[in-house]
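K.L.:
give me the fold of what follows.
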Amino acid sequence: MALSELYLQAVDLLKLLISTPSFSKEEDQTAAIIAEFLKARSITTHTKGNNVWAYNKYFDVQKPTILLNSHHDTVKPNKSYTRNPFSPDVEDGKIYGLGSNDAGGALVALITTFLHFYEHKNLKYNIVLATTAEEENSGSGGLESIIPYLGDLDFAIVGEPTFMDLAIAEKGLLVLDCVAKGKSGHAAREEGENAIYKALKDITWFQTYAFDKISESLGPVKMTVTIITAGTQHNVVPDTCQFTVDVRVTDAYTNEEVIAKIREYVNCEVIPRSVRLKPSSIPKTHLIVQAGIALGKKTYGSPTTSDQALLSIPSLKCGPGDSSRSHTADEYIYLHEIKEGIKGYVNMLQALV
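P.N.:
Residues are numbered from 1 along each chain as shown. Model (predicted):
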């Protein structure tokens, strides 16, 4: 089937997905739509929870496998919307609607790319398409839950809005709950040990410390104190001060290494909420990256977190649309971006498979 016809099908699918609410953990209807779309084209689908995946027709266990992944869940619409977030209106070359840009455009472009290669014989690689849930809330019921079922994977393309440029590295995320402990006492007397003062010393360290290793593509590890809580009333010296630190980890360190370094320097108790969201990268010399560069695509390091963080294989984040439109009111994607996204994905993979 010609790419022009596949593009029209992609736009129709995107309209249907936009018109169907699919908040994180509530994606059952869009999962059913995607599964039915593939089944209608005689493609065998596999499902677990609200995740749907499929393999190319001539899958060969002796060959390496490429994962094409994007998500079909969305955030909830914010109060600044002036349009119906579930109405896929097309105006001035744009398609509006919640999830159109993040990551509907990339999702339907990857599905289309999978369809393009689906019946090809003698491919050098297998291709597995995984359309997944719970990306927006970093839930455990999304991509992470099906990785064991996908088989051995060589590398992945993760569809997110990047203007089709190549995010060859992505920061991981650590959320740390820190607890400084003191001793309560009366504020009018020289009693107790003020937990706030103890916390301030550690907070200053988080503000000023610079990790030695700096990533070529992502820069330094970034730590930001974002929440602080302490005290019960004005005349009691607080015995506990809790604060939260947002840590963006680069590919120069593992999450575990960063936690160990922090504990080496601070006096407070450091409790990571999770170490699941790892920094990720793919070598600039990798064939898929070189294929993109040959098409004129730029490489960069992404400060935002996606499902790449759940993968332990080389992965490239790339897709149509603009990351700055994500989660904004009256979200949209240009139709020409979807068409160019399909063409870009196909041409990059054609150079390899």
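
K.L.:
correct me if wrong: Ile271 contacts Val179.
P.N.:
Yes. The criterion here is CB atoms under 8 Å, and Ile271 meets it with Val179 at 7.2 Å. Every residue, glycine included, has its C-beta placed from N, CA and C.

K.L.:
buried residues, the host helix or strand of Ile146. List them.
P.N.:
Using DSSP states H and E, Ile146 sits in helix 143-150. Applying a neighbour-count criterion of 16 or more other CB atoms under 10 Å, one finds 143-147, 150 buried in helix 143-150.

K.L.:
I'd like to know which of those is nearest to Arg263.
P.N.:
Checking the buried residues of helix 143-150 against Arg263 with CB to CB, the nearest one is Glu144 at 26.0 Å.

K.L.:
looks to me like Ala309 is in a strand.
P.N.:
No. In this structure, Ala309 is helix, not part of a strand, as judged by DSSP: H, G, I helix; E, B strand; the rest coil.

K.L.:
burial of it, as a residue count?
P.N.:
Counted by other CB atoms under 10 Å, the residues lying close to Ala309 total 23.

K.L.:
and for Thr285?
P.N.:
7.

K.L.:
any idea which helix or strand carries the spatially closest residue to Thr229 that is not a sequence neighbour?
P.N.:
Once flanking residues are discounted, Thr229 sits nearest to Gln242: 4.9 Å by CB to CB, 6 or more residues apart in numbering. Gln242 is located in strand 240-249, with elements delineated by DSSP H and E.

K.L.:
could you do Trp205 as well?
P.N.:
helix 195-208.

K.L.:
counting contacts, what elements does that helix pack onto?
P.N.:
strand 172-181, strand 222-230, strand 240-249 (3 or more CB pairs under 8 Å, 6 or more residues apart in numbering; DSSP states H and E).

K.L.:
related to what we said a few turns ago, in the strand holding Gln242, what's buried?
P.N.:
By 16+ other CB under 10 Å, the buried positions in strand 240-249 come out as 240-243, 245, 247-249.

K.L.:
let me know the closest of the residues you listed to Asp12.
P.N.:
Closest to Asp12, out of all of the buried residues of strand 240-249 and judged by CB to CB, is Arg248, at 38.0 Å.

K.L.:
surely the closest one and Thr226 touch.
P.N.:
No. At 11.8 Å, Arg248 does not count as touching Thr226 under the criterion of CB under 8 Å.

K.L.:
ok, for the most centrally placed residue in the chain, nearest residue in space, not its chain neighbours?
P.N.:
Nearest to the geometric centre of the chain sits Ser306, at 1.0 Å (CA atoms, centre = their mean). Nearest residue to Ser306, sequence neighbours excluded (CB to CB, 6+ apart): Glu160, at 5.1 Å.

K.L.:
ditto for Pro21
P.N.:
Nearest to Pro21 is Phe86, by CB to CB, 6+ apart, at 6.3 Å.

K.L.:
check contacts around the one you found.
P.N.:
18-21, 97-98 (CB atoms under 8 Å, 6 or more residues apart in numbering).

K.L.:
sorry, back to before: give me the sheet partners of the strand holding Gln242 and which way each runs.
P.N.:
strand 172-181 (antiparallel), strand 222-230 (antiparallel) (DSSP bridges).

K.L.:
okay, those, which one's buried deepest?
P.N.:
strand 172-181 (a mean of 20; mean count of other CB atoms under 10 Å).

K.L.:
next helix or strand past that one?
P.N.:
strand 185-186.

K.L.:
that following strand pairs with which strands?
P.N.:
Strand pairing (DSSP bridges) places strand 185-186 next to strand 236-237 (antiparallel).

K.L.:
pLDDT on the strand it pairs with, on average?
P.N.:
Averaged over strand 236-237, pLDDT sits at 94.
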